[in-house]
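A.B. asks: below is the structure, and that's it, no one-letter string:
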């Protein structure tokens, strides 16, 4: 075997290896995305009573401590008063909304990474992953409206969208930073 044939064989093996690696990246990101979608669906199918963390908060956090340290904040959210005077309700509200932001930031991240593992450019991948995540957030709220003790609210889709926007901005910024670094 001459050197040219040997070089061509090495090049072909390299190309096949790169294509297989790219295909595996897509499959891994897709599996992670599907797992996260199922997890969101399962958690949304639980009743409020199954997800209520107020008894646990009451067990871990003494009421007098919370009354001293919680900021004296009150506001209305979707027609209901969220107030520091009900500290366990207040903390649970913050945890729940933080969870919404986080779970949809993760979904957006996974969706975008799945798309980026295919030959799709960065901006279209970010746009499609973000739109998908917001649409899934809307379908999740609709799904919750059928679960006893749960409600589906448009304002919660807006809260979920905060996570989507944060994930999209972080991925966009990281991609831009790498592009600038690569150019130098």
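C.D. replies: Ah, there it is. All values reported here derive from a predicted model rather than from experimental measurement.
A.B. asks: so the residue nearest the centre of the chain versus residue 40, what's the distance?
C.D. replies: Central residue of the chain (C-alpha atoms, centre = their mean): residue 106, 2.3 Å from the mean position. Going from residue 106 to residue 40 by C-beta to C-beta, to the nearest Å gives 9 Å. No exception for glycine: its C-beta is placed from N, CA and C like everyone else's.
A.B. asks: gap between the two ends of stretch 74-94?
C.D. replies: Distance between the two ends of stretch 74-94: 12 Å, counting by C-alpha to C-alpha, to the nearest Å.
A.B. asks: which of the residues in that stretch are buried?
C.D. replies: 82-84, 87-93 (16 or more other C-beta atoms under 10 Å).
A.B. asks: going by distance to residue 47, which of these wins?
C.D. replies: residue 92 (14.9 Å; C-beta to C-beta).
A.B. asks: how near is that closest one to residue 57?
C.D. replies: Distance from residue 92 to residue 57, by C-beta to C-beta: 7 Å.
A.B. asks: on that earlier part again, any idea which of the buried residues of stretch 74-94 is closest to residue 175?
C.D. replies: residue 93 (34.3 Å).
A.B. asks: show me what secondary structure element comes after whatever helix or strand that closest one lives in.
C.D. replies: In the assignment (DSSP states H and E), residue 93 maps to helix 87-116. Downstream of helix 87-116, the first helix or strand assigned by DSSP H and E is helix 122-144.
A.B. asks: residue 46 and residue 147 touch, don't they?
C.D. replies: Yes: between residue 46 and residue 147 there is a contact under C-beta atoms under 8 Å: 7.3 Å.
A.B. asks: got the angle for the host helix or strand of residue 174 vs helix 122-144?
C.D. replies: Assessed by DSSP H and E, residue 174 sits inside helix 154-183. In terms of direction (axes from the mean of the first three to the mean of the last three C-alpha atoms, to 10 degrees), helix 154-183 departs from helix 122-144 by 160 degrees.
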